[in-house]
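K.L.:
sequence-free structure coming up:
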């Protein structure tokens with residue numbers, strides 16, 4: 001939800017629209033957001049928006065000129081996006097580090113298996129005299 005709001009706020013920043021009280025805002029209703037977030041009900045979206053506002057993640061305002069239709073305007077509070085991007089990048093770095101460790105472990109296991117297979121193959125070929133130095137012969141050329 002925060003990403004959706006952020007996307008449209010950035011859209012309004014690029015187009016220099018919906019600028020009120022020193023900030024760019026986006027507007028939406030809980031009902032219209034059900035078309036975007038089809039897995040949430042109107043009531044759930046309303047609760048999420050209220051909770052995000054109570055936690056200081058977003059701020060709402062009424063900047064509509066049309067009094068018949070009064071969508072709520074939302075903006076993301078300063079620092080929230082930066083904090084979430086830092087958390088995401090830290091989480092991503094941690095995940096990538098874990099993946100790198102597992103890939104290194106798998107590479108080493110693969111290397112060990114290939115070495116063992118090579119040794120077994122050499123041993124098997126030697127048992128048939130098919131590997132190693134050629135046998136000495138007393139034949140003169």
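P.N.:
Ah, there it is. It should be emphasised that the depicted structure is a prediction, and the values quoted were computed from it without experimental measurement.
K.L.:
would you map the helices across the protein?
P.N.:
Ranges of helices in the chain, per DSSP state H, are 2-15, 30-36, 42-54, 80-127.
K.L.:
compare the ones you listed and say which comes out lowest on pLDDT.
P.N.:
Among those, helix 80-127 carries the lowest mean pLDDT, at a mean of 81.
K.L.:
packing partners of that helix?
P.N.:
Applying 3 or more Cβ pairs under 8 Å, 6 or more residues apart in numbering; DSSP states H and E, one finds that helix 80-127 makes contact with helix 2-15. Glycine gets a C-beta too; all of them are placed from N, C-alpha and C.
K.L.:
how does the protein divide into domains?
P.N.:
Domain assignment for the chain, taken from automatic domain parsing, gives 2-78, 94-131.
K.L.:
next, format the ones you listed as JSON lines and append mean neighbour count.
P.N.:
Compiled in JSON lines, the domains of the chain are given as follows (neighbours: other Cβ atoms under 10 Å):
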{"stretch": "domain 2-78", "mean neighbour count": "14"}
{"stretch": "domain 94-131", "mean neighbour count": "10"}
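K.L.:
re earlier: nearest to residue 72, of the helices of the chain?
P.N.:
Judged by Cβ to Cβ, the one of these that comes nearest to residue 72 is helix 42-54, at 7.8 Å.
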